[in-house]
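Undergrad: from the sequence below, what's the structure:
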Amino acid sequence: MGVNLIRDYQEADWPRLQAIHDAARLDELRLAGLEGAFLPLSVAAQREGLFEYTLRVAEMDGTAAGFAAFTQDELAWLYVDPALARRGVGRALVEDALGRMGRPVSIEVLEGNAPALALYLACGFREAGTASGQMPGNEEFSVTCRVLRLE
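TA: From the prediction side, this is the model:
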């Protein structure tokens, strides 16, 4: 069982993407000790401009399993249904995005998110430092991220 298809986002995907994001984002924030910063996708998408990015959806057996959103030089969103983790969905989405992006590419990974860090390093990214600041879309929270680059 693996990814059958990666395709452009369609409006009918919205309810499934909300479910994927909300479950995966909570896991991500728990790893970073930032559970209180959670915002559902229904709020985060507007605050963080999700639909201003190229948005791609991975399917497994006809159901959305994850999504990625990116520009020419930044992979900004990558979420996989936690129930489908470790089945190649994240890697397939990263590879699809990288095939559509220029170089260099950057990404920020919340400190503590070891699974995401391992995925990006396995896909060829290298650590380029750390960045601290306010969480995009929820600025009352301070965050530290690892900055990764792919030349």
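Undergrad: select the longest strand from the chain.
TA: strand 138-150 (DSSP state E).
Undergrad: may I see the buried residues of that strand?
TA: 138, 143, 145-146, 148-150 (16 or more other CB atoms under 10 Å). From N, CA and C alone the C-beta is placed, and that goes for glycine too.
Undergrad: same question for stretch 12-28.
TA: For stretch 12-28, by 16+ other CB under 10 Å, it's 13, 16-17, 20-22, 24-25, 28.
Undergrad: please apply the same query to stretch 67-74.
TA: With the criterion 16+ other CB under 10 Å, stretch 67-74 contains buried residues 67-70, 74.
Undergrad: what two of these are the furthest from one another?
TA: Farthest apart among the buried residues of stretch 67-74 by CB to CB are F67 and E74. That separation is 15.4 Å.
Undergrad: sorry, back to before: the buried residues of stretch 67-74 in helices, which ones?
TA: In helices, judged by DSSP state H, none of those are found.
Undergrad: let me know the closest of those residues to C123.
TA: A68 (11.8 Å).
Undergrad: what sits against the closest one?
TA: Applying CB atoms under 8 Å, 6 or more residues apart in numbering, one finds that A68 lies in contact with 55-56, 58, 75, 77-78, 93-94, 96-97.
Undergrad: redo that, cut-off 6 Å
TA: 56, 78, 93, 97 (CB atoms under 6 Å, 6 or more residues apart in numbering).
Undergrad: same question, E74
TA: S106.
Undergrad: equivalent analysis for the one 5 residues further on, please.
TA: Contact analysis of Y79 by CB under 6 Å, 6+ apart lists 20-21, 24, 66-67.
Undergrad: any idea which residue sits dead centre in the protein?
TA: L78 (1.7 Å; CA atoms, centre = their mean).
Undergrad: any idea of the mean pLDDT in the helix ranked longest in the chain?
TA: Longest helix in the chain by number of residues (criterion: DSSP H): helix 14-31. Across helix 14-31, pLDDT averages out at 97.
Undergrad: thank you, goodbye.
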